[in-house]
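1. dropping a prediction and its sequence here:
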Amino acid sequence: MTTVAEKRRRFAELHRAPGCFVMPNPFDVGSAKYLASLGFPALATSSAGMAFAAGLPDGGVTRAYALKHFGELADAVDCPLNADFEAGFARDAEGVYESARLCIGAGVAGFSIEDFAGGPDAPLLTLNEAVDRLRAARAAIDASGETVLLTARSEAVWRENAGGLSEALRRLEAYIGGGGRSVRTGREDGAGSGRSRPRRRTNPGQCGGRRAGSEPS
């Protein structure tokens, strides 16, 4: 069985290498093992898939449930696992630090923190709030001494009244300064396509793809 440290090293190598790679989204241990058996170099959890498999809406699980889910999937496969950690399951930066510490302990190779605030009129955290939370997650990783990839994710494209692609790219520039080593957004174009790297930057990027009419993960 591949060790957690080896998975984390491999995940970092994948992000440093030229080109791109695909991380499909398992929703339970069985789907994780199946996808890993197909030879994908890494897997990424889905907040929606995790919640729907539990009979709950996206965003409806607790931090404890998410951490248990991450740990089970990470233990089940030999490839790296990236965790969709939503907004960090915390109200403030101090809480995000603790959440990040626990997420690292679950054995993931990386995790994302998003800027979704949950409200229809103000769907995103303020830029300062979002950056502070990323800095807290980065501090938790640095304190752990582990090689864990932090992805800064903006929901400005997916959410209504959130500013669209231009706002997402503006935020991602700031999130890199806040400690994000990878950045992510997504852009809907019919069947789904993504653009995730701010201009003039060399940080790795992630993009979310989906079929038309389905929910983003």
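-> Structure's in. What do you need? Here the structure is a predicted model, which is why all the values come from computation and not from measurement.
2. mind listing residues that contact stretch 64-77?
-> Here stretch 64-77 makes contact (C-beta atoms under 8 Å, 6 or more residues apart in numbering) with 4, 7, 26, 28-29, 32-33, 36, 43, 45, 47, 50, 54, 61, 81, 83, 85-86, 89, 102-103, 106-109, 111. Where C-beta positions appear, they are placed from N, C-alpha and C, glycine not excepted.
3. which among these end up buried?
-> Neighbour-count burial (16 or more other C-beta atoms under 10 Å) is assigned, among these, to 4, 7, 26, 28, 32, 36, 43, 45, 47, 50, 61, 81, 83, 85-86, 89, 102-103, 106-109, 111.
4. hmm, back to that, inside helices: which ones of the contacts of stretch 64-77?
-> 4, 7, 29, 32-33, 36, 47, 50, 102-103 (DSSP state H).
5. mind putting these into a markdown table with distance to residue 161 and pLDDT?
-> Shown next, in a markdown table, are these (distance: C-beta to C-beta, whole Å; pLDDT from 0 to 100):
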| residue | distance to residue 161 | pLDDT |
| --- | --- | --- |
| 4 | 40 | 98 |
| 7 | 39 | 98 |
| 29 | 37 | 98 |
| 32 | 35 | 98 |
| 33 | 40 | 98 |
| 36 | 38 | 98 |
| 47 | 21 | 96 |
| 50 | 26 | 98 |
| 102 | 32 | 98 |
| 103 | 29 | 98 |
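6. want to try JSON lines for these, with distance to residue 167 as columns?
-> JSON lines is the format used below for the ones in helices among the contacts of stretch 64-77 (distance: C-beta to C-beta, whole Å):
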{"residue": "4", "distance to residue 167": "36"}
{"residue": "7", "distance to residue 167": "34"}
{"residue": "29", "distance to residue 167": "37"}
{"residue": "32", "distance to residue 167": "34"}
{"residue": "33", "distance to residue 167": "39"}
{"residue": "36", "distance to residue 167": "36"}
{"residue": "47", "distance to residue 167": "21"}
{"residue": "50", "distance to residue 167": "27"}
{"residue": "102", "distance to residue 167": "30"}
{"residue": "103", "distance to residue 167": "27"}
